[in-house]
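>>> Sequence plus the predicted model coming up.
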Amino acid sequence: MTNRELINMAIEVRKNAISPTKYYVGAALLTESGKVYTGCNLGTEDGIFNICAERVAICKMLSEGEKKFTKIAVVGGPEDKLIYTTPCGVCRQLIMTFGTDIEVVMGYTNENGEIDEKIMKINELLPGGFSM
């Protein structure tokens, strides 16, 4: 699976996001076995029920019996635009618990209006993060 295919899946699932802040996020992760799990951010006006797209994808993976993934694509922004978006701190730490070398592929719209990507290892996004 290419990074672009993973980004496209994250873009597609982002359409299902529920966000009072109007910042919509989609994520798609690739497991070691080759399966893909997606997630979108979900929230309520009162803030009681808020969960990030990355955590939704990881929970779906775990609930289906998968335990390891190699990369995760993340896209986010207002409804009509993709802005360079990194996982939040909680999601960074959660991703780190699955391995320090997991690739985080961030898709965004560049100045030419095209989808571009930036790839970082999770340990670059969370230096000094806890891992086993």
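Structure's in. What do you need?
>>> use CA for all of it now, contacts and neighbours both
Fine.
>>> Spatially nearest residue to Ile72, not counting backbone neighbours?
Closest residue in space to Ile72, ignoring its immediate chain neighbours: Leu29 at 4.0 Å, by Cα to Cα, 6 or more residues apart in numbering.
>>> Bridged to the one you found, which residues?
When bridges are assigned using DSSP bridges, the partners listed for Leu29 are Tyr37, Ile72.
>>> Just the buried residues of stretch 51-68, please?
The neighbour-count criterion (16 or more other Cα atoms under 10 Å) identifies 51-61, 66, 68 as the buried residues of stretch 51-68.
>>> just stretch 13-33 next, same as before
In terms of neighbour count (16+ other Cα under 10 Å), stretch 13-33 has its buried residues at 13-14, 17-19, 23-31.
>>> Show which residues not belonging to it make contact with it.
For stretch 13-33, the surrounding residues in contact (Cα atoms under 8 Å, 6 or more residues apart in numbering) are 6-7, 9-12, 36-45, 52-54, 57-58, 66-79.
>>> now could you export just the CA positions of it as CSV?
Listed in CSV are the C-alpha atoms of stretch 13-33, where the atom choice follows Å, rounded to 0.1, in the frame of the first residue of the first chain:
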residue,chain,number,x,y,z
VAL,A,13,-13.2,8.6,6.2
ARG,A,14,-12.7,12.3,7.2
LYS,A,15,-16.1,13.0,5.6
ASN,A,16,-17.6,11.1,8.5
ALA,A,17,-16.1,13.3,11.2
ILE,A,18,-18.2,15.1,13.8
SER,A,19,-16.5,18.2,15.0
PRO,A,20,-18.0,21.1,16.9
THR,A,21,-14.8,23.0,16.1
LYS,A,22,-15.2,22.4,12.4
TYR,A,23,-11.7,20.9,12.2
TYR,A,24,-12.2,17.5,10.6
VAL,A,25,-9.5,14.8,10.9
GLY,A,26,-9.2,11.4,9.2
ALA,A,27,-6.7,8.6,9.8
ALA,A,28,-5.8,5.3,8.1
LEU,A,29,-3.3,2.9,9.5
LEU,A,30,-1.6,-0.1,7.8
THR,A,31,-1.0,-3.2,9.9
GLU,A,32,1.9,-5.6,9.6
SER,A,33,-0.5,-8.1,8.0
